[in-house]
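**Q** Fold the following, please.
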Amino acid sequence: PLTTPLPNVTFTQADLSAPLNEKLYDYCDSLSCLHTIEHFGLGRYGDTVCPEAYKVGLENLYKILKRDGKFYFSVPMGPQRIEFNAHRVFALKFLVQLFKDKYKVDTFSYVDDKGDLYENINLNDELIENNCGCHYGCGIFEMTKI
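**A** Below you'll find the model as predicted:
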């Protein structure tokens, strides 16, 4: 936790894989979840094993964010799978479907398997279907809550 007060900064701790305290609903206008959600529920870091924990976490993030708030999100991208108990890799098609009724995707960028960054990509069906050619890339979303 923060020990030194900072203007306009409030530290709030919550377990995003558990039921959320309602006082955190519509709590902030900007959230980032960068290479985190893929680890939820796999037990690697002392958390409870729960295959659906990432969905609970994403739903809690949605509840915390105010309407029209910005959500910055990145995860490993490729054919959908779990790499032992280290992390998940998400298929782009799965993510697009998961977000479609909750967020407007403002920009999508990705890092491919070679480490090259592709910024502000216009997603089409072919790119979505083949995960932008990635087996283990990084999908980077900037979204607005609808």
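**Q** who's in contact with the longest helix seen in the chain?
**A** The longest helix of the chain (DSSP state H) is helix 53-64. Here helix 53-64 makes contact (CB atoms under 8 Å, 6 or more residues apart in numbering) with 14, 16-18, 20, 24-28, 31, 33, 37-38, 40-42, 47, 50, 71, 88, 98, 102, 145. Just so you know, the C-beta spots here come from the backbone N, C-alpha and C atoms, and that holds for glycine as well.
**Q** Looking at the residues you listed, which are in helices?
**A** Those of the contacts of helix 53-64 lying in helices (DSSP H): L98.
**Q** Find the centremost residue of this structure, please.
**A** Closest residue to the average C-alpha location of the chain: F73 at 4.1 Å, with CA atoms, centre = their mean.
**Q** excluding its backbone neighbours, what's nearest that one?
**A** Nearest non-adjacent residue to F73, counting by CB to CB, 6 or more residues apart in numbering: F141, 4.5 Å away.
**Q** Same check on G41?
**A** Nearest non-adjacent residue to G41, counting by CB to CB, 6+ apart: A53, 2.6 Å away.
**Q** where's the one you found relative to F71, distance?
**A** Using CB to CB, to the nearest Å, one obtains 18 Å as the distance from A53 to F71.
**Q** Would you mark the buried spots in stretch 26-36?
**A** Residues of stretch 26-36 classed as buried under the neighbour-count rule (16 or more other CB atoms under 10 Å) are Y27, L31, C33, T36.
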